[in-house]
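[1] Requesting a structural model of the entry that follows:
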Amino acid sequence: MSRPRPPPLVTGISPNEGAAWTKVTIRGENLGTGAADLVGLSICGHNCLLTAEWMSASKIVCRVGPAKDDKGEIIVTTKSGGNGTSTVSFKLLKPDRIGILEQSAVWVDEINYYDMRPDRNKGISLLSLRPSNPLGIDIDKGKVPQKDMEQTFPGLSGDFTSENFSATWYLIENHSGTGFDQLRLAANNLKKQATKKNLGSLPYVKGGLSTFFEAQDALAAIHQKLESDGTEKVEGSMTQRLENVLNRASDTADTLFQEVLGRKDKADSTRNALNVLQRFKFLFNLPLNIERNIQKGDYDVVINDYEKAKSLFGNTEVPVFKKVYAEVETRIGALRSLLLEKLLETPSTLHDQKRYIRYLSDLHAPGDPAWQCIYAQHKWILQLLQNCRDEFITGQRVGFGAMGALDLDGDTRPSALRMSHTASLKRGGSLRTPRPSTWRFETPQQVQFVEKLSDVVIGQLPNFWKLWISYVNGSLFSETGEKSGQVERSKKNARQRQNDFKKMIEELTHRLVKLVRGALLPATLPQGELGLYGGWENKTELTGLWVTQVIHTVRGCHDALATLEIPNDLLQVIQDLLLDLRVHCLLVSLQHTTEDVKKLAEKEDWVVDNEGITSLPAQFEQCMIQMLQSLKEPMETKPGEINVLQLELAQDRAAELCVVIMKAFINCLGQLSMKTDSDNSHVSADLASPNTFSSAHEDFSPTPEQRLLIILSNCQFLERHTFINLAEHFEKHGITGTEKITRVSEEAVRDLDQTLFDAYIQRKSDPIVGSLEPGIYAGYFDWMDCQPPTGVRNYLKEALVSIITVHAEVFTISKELVPRILSKIVDSVAEEMSRLMHCVPSFSKNGALQARLELCALRDAVAAYLTADSNANFLQALEPLPQLHSGADKKSQEELLNTFKSSMQLQLTCFQPSSVQPIKR
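    Reported below is the predicted structural model:
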C-alpha cells in the first residue's frame, strides 16, 4: 500500500501582485503528480483552475481571475495530497476609472485589461469564458467513479475544452439520468449556437441600416459641395473655411490640454517607473537581501530567492535587469566560496556537512563539494591520530585545539565506559563517570594514548563513513538537486571513487594500527617506520592488566566500526593487531608473574599452620590463579578472532614461561632455606620450648634448622596439592602442556626437597652420631674389663635426648616430617653403633651384656622409626656379641631393660603414636 503524499505547499508566486487576468507562475512543493492530479486552484478566493497549466510538481502557470478580495492566499488542491497551504500571498490591483482632466497615481495595465461585455473579449482565453452548461439543459451528475471513467476512456477527457474531449464521457458524467426529450432539446440548442456563430455580425448590420444610409447621404452632400467649390483653395471657399475651423479647433485643443497632457505624460513616465520598481522590486532589492541573509545565516532563503531570480531574469535582455542580475551572481559566487570554506572547516558535525553540501549543490557550485569534504575529513582524522602520538611523546598539547572543540581532549576513559554507548556512535546521552584526580598520573601513558586514539576513531570515523554512504545513495541533495540530475551524477562519481574511498579507510585503519603497534609492539614495525610511529622507549613497559585494558579498548573500537557495516576486509588489520596484542598480553603476564613470584620470598612470615605450611604456597597459588583470571578476557575468542592458545608458537612459549614461573618459586624456596641468621633482624626462638608458643608473635624468626623444616614442609605441600591445583586451573583456562609443566615442576621441587632434607639430616645426625663413640669410651671404659651391667649408660640417654629434641623440633613444624627425619637419624645412629661394635676386638661377658643391653634399649626406644636398613644395622651390631645362654643373664638383661624404660618413660613417650596435633602458630 503506497504512502499518502504530503499536502501541497506554495512557497512563491511571480509576480506577487497585478490586475485581473495577470499571468502568474506558482512555485512550491508537492503540487501534484500530473495535470489529472490537480483538482483545485484558487487565488484570493477566485477559482483559477480553468486557466491553470500544470508544469511540474513544483510549478504551475495560470491567470488571476477578477477576485473579490484584494489580497489572499494561493491554495492548491490535489487528489494525492488534498488541500494545500501557502506561505505567500497575492495582491490584486483593481483599476480606477479616471477622467481626462483628473490626475491619477495608479497605473492601469491596459494590455492585460479586458472588456467583459459580450463579443468584445477577443483578447481573453476561451477557457475563461466557456459556458458552464453548453447543452442548455439541466445537469444530472452521475455516480460513475472518476477512476472507472479513466479506465474506460484511456487518454480522453470529459472536459469539452480539452483537445482529447470525449462526448460520450461528458454525457455519462453530466447527463446519465437525462431523458430523451431533454437530449433532443440539447441538440436543438447546439444547432442554434452553431447557426448564430455562422451568421456572425450580419444581424447587427441589418439593425443599423438607417444609420448607414444617413451617413452615406451626409458624405455624398459633402462630396458634391466640394466638387462645386473646385479643387483650388479659394478664399471663402468651403474647403478653406473647413480647414480654418479645424486649425482653430486644434489650437484651442492644444491651448486647453497642453498643460494637462504635459502633466499626463510626466505622470505616465512616473507611473511607468514606479510600476517597474514595484513589479520588479524583488530583483532590485535582491543583492542587499542576499547580503543580509548571508550575515544571518539564512542560506535557504538566499538559495530560494536566487532560484527565483534565475528563472525570471537569467536570460533577460533588459540592460538594467542584466546589470542587477550580474550583481546577484557576484554575491552568489561569494556565497559559494563561503559555504565551501565552511564545508572544509574542521571540526564540523555531519549535520552541518550535509547542509553545506546541499547548499552548494542548489547553488550549482563547480566541482564536487561532497568529495572535497570527504577528502578533507580523511586528512583531518589522519592528522588527529598523528597529533595524539606527538602529544604523548613530547608531553605537550600539539594541535589538539580542534579536538577540544569536539570534546575529545581529556576523555581517556576505559573502553568499557565508552563502548557501552555504541549506539553512540549512534547515541546521545553522556556516559562519563567521575574519576579521581590522580587517574591520569596512575594510568600508563601508552594506555592513555590508545584510549585517545580510540576516542578519535569512534568519534570521527562513523560520521566519515555515514557521509560516504549519503554520497553514494544521493541523499545529500535537495529536491532541486534531484531534478537537475545532481543525484545521478553523484552516484556515478561515487561508483568511480569507490576504490579511492576504500584506500582512505585502509589508510585510517593502518595508521591506527601502526600507532598502537609503535606504542606497545614496536618490534612488529619495520625499522623505517619506528621514527614515525615509535618513540616510546623511555616509557614503562605495560603489565598484563594494562595490556588487557588496551585489548578491551581496541576491541571496542573494532566493534564500533563493525556496527557501521564496514567491510571485514578493511577491518582485518585491526583483527591482526588484536591477535598480536593478545599473544603479547599472554607472554607479558607470564613474564611479570615470574617477577612477582621472585618477590614472594619477601612476604614469607614463617608462621606455620597445623600442617606445617606457611602462607607462601597459598600466595604462590593465588598469584598464579589471579594471573590466569586476568588472562580470561584477552584469551577469550570473540567472533572473527583466532584462539590464541591454539597457536603452536604461543602454546610452546606459554608452557616454557609457566615452567619458568614454577622454577622461580622453587628457587625462591631454596633461597629462603639458605638464609643465614645474619639476614634476620629478629631473635631466634626454640620451637621445642613450651614458652615459645606463649610468646610467639609476628616478629618470630626461625633458626636455620627450623627454616629447613618449614621449606621441606612447603615443598611437600607443593608436590601434593599446589601443583595439582594449578594443573587443573591451567587446563580450565586453556593452557596446553600441563603434563610437562607439572612433571618438570615436580622434578625440581623433589631435587630441592632432597637437598634440604640431606642438609637437615646432616645438621642433626652428625652431632648425635659423633657423640656416640666418645660417650661409649668415656672414663676409659673397656669392653674386656668392665663391671657387670647395672643399667644403660648416660651416653645412650644423651643420644636419645638429642633424638627427642629433633623429634620435638620437627613435630612442632610438621607432624608429617617426623617419620621421615627420625627414621633417617635412627638409621644413621644404628649404622654408627654397628660400626662401633664391629671395631671392638673382643668382649668380656660383662662387656657383652652391657653392649647387648644398650643396643636393645636403643632399638626398643626408637622402634617406631626403624626401617629395614636400621633393623639390619642393629642386627649387624649384635653379631659380634656372644649369645646369652644363661637364664639368669637373660633375666638380668630383661630387668635392666625394663628399669631403663621406666626411668625414661616420659621422654620416650614422644616416640609412641599419638593423636596430639602440633600447636598452630
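
[2] Run through this structure and note the low-pLDDT ranges.
    1-3, 95-132, 161, 163, 196-211, 228-238, 396-441, 478-487, 676-700, 913-921 (pLDDT under 70).

[3] quick check: longest helix of it.
    When the chain is parsed with DSSP state H, its longest helix is helix 238-279.

[4] Mind checking what helix or strand follows that helix in sequence?
    Counting by DSSP states H and E, the next helix or strand C-terminal to helix 238-279 is helix 281-296.

[5] what does the following helix or strand past that following helix contact?
    Later in the chain than helix 281-296, the nearest helix or strand by DSSP H and E is helix 299-313. Helix 299-313 is contacted by residues 11-12, 14, 25, 27, 282-283, 286, 289-290, 293-294, 321, 324-325, 328, 332, 335, 339, 359, 362-363, 480 when judged by Cβ atoms under 8 Å, 6 or more residues apart in numbering. No exception for glycine: its C-beta is placed from N, CA and C like everyone else's.

[6] if you set the cut-off to 7 Å instead, what comes out?
    Contacts with helix 299-313, where a contact means Cβ atoms under 7 Å, 6 or more residues apart in numbering, come from 12, 14, 283, 286, 289-290, 293-294, 321, 325, 328, 332, 335, 359, 362-363, 480.

[7] Regarding residue 769, what is its secondary structure?
    helix (DSSP: H, G, I helix; E, B strand; the rest coil).

[8] ok, now which ones touch it?
    Counting by Cβ under 7 Å, 6+ apart, residue 769 makes contact with 828, 829, 832.

[9] what's the closest of the residues you listed to residue 728?
    Top of the list for closeness to residue 728, among the contacts of residue 769 and by Cβ to Cβ, is residue 828 at 39.8 Å.

[10] for the closest one, phi and psi?
    Torsion angles at residue 828 (phi, psi; degrees, to the nearest 10) stand at phi -70, psi -40.

[11] how far does stretch 185-192 sit from the chain's center?
    Distance of stretch 185-192 from the chain centroid (Cα atoms, centre = their mean, to the nearest Å) equals 80 Å.

[12] So which bits of it are buried?
    Buried positions in stretch 185-192, judged by neighbour count with 16 or more other Cβ atoms under 10 Å: residue 186.

[13] now stretch 340-356
    Residues of stretch 340-356 classed as buried by neighbour count (16+ other Cβ under 10 Å): 340, 342, 343, 344, 346, 347, 348, 353, 354, 355, 356.

[14] As a check, name the ranges of all strands in the protein.
    For the chain, the strands defined by DSSP state E occupy 9-14, 17-18, 23-29, 38-43, 46-47, 53-56, 59-63, 71-78, 82-83, 85-86, 89-92.

[15] measure stretch 341-357 end to end?
    Stretch 341-357 stretches 11 Å from its first residue to its last (Cα to Cα, to the nearest Å).

[16] residues making contact with it?
    Here stretch 341-357 makes contact (Cβ under 7 Å, 6+ apart) with 339, 360, 369-370, 372-373, 376, 380, 402, 405-406, 463, 466-467, 470, 476.

[17] Return the two entries of the buried residues of stretch 340-356 that lie farthest from one another.
    Every pair of the buried residues of stretch 340-356 checked by Cβ to Cβ; the farthest is 340 and 347, at 16.8 Å.
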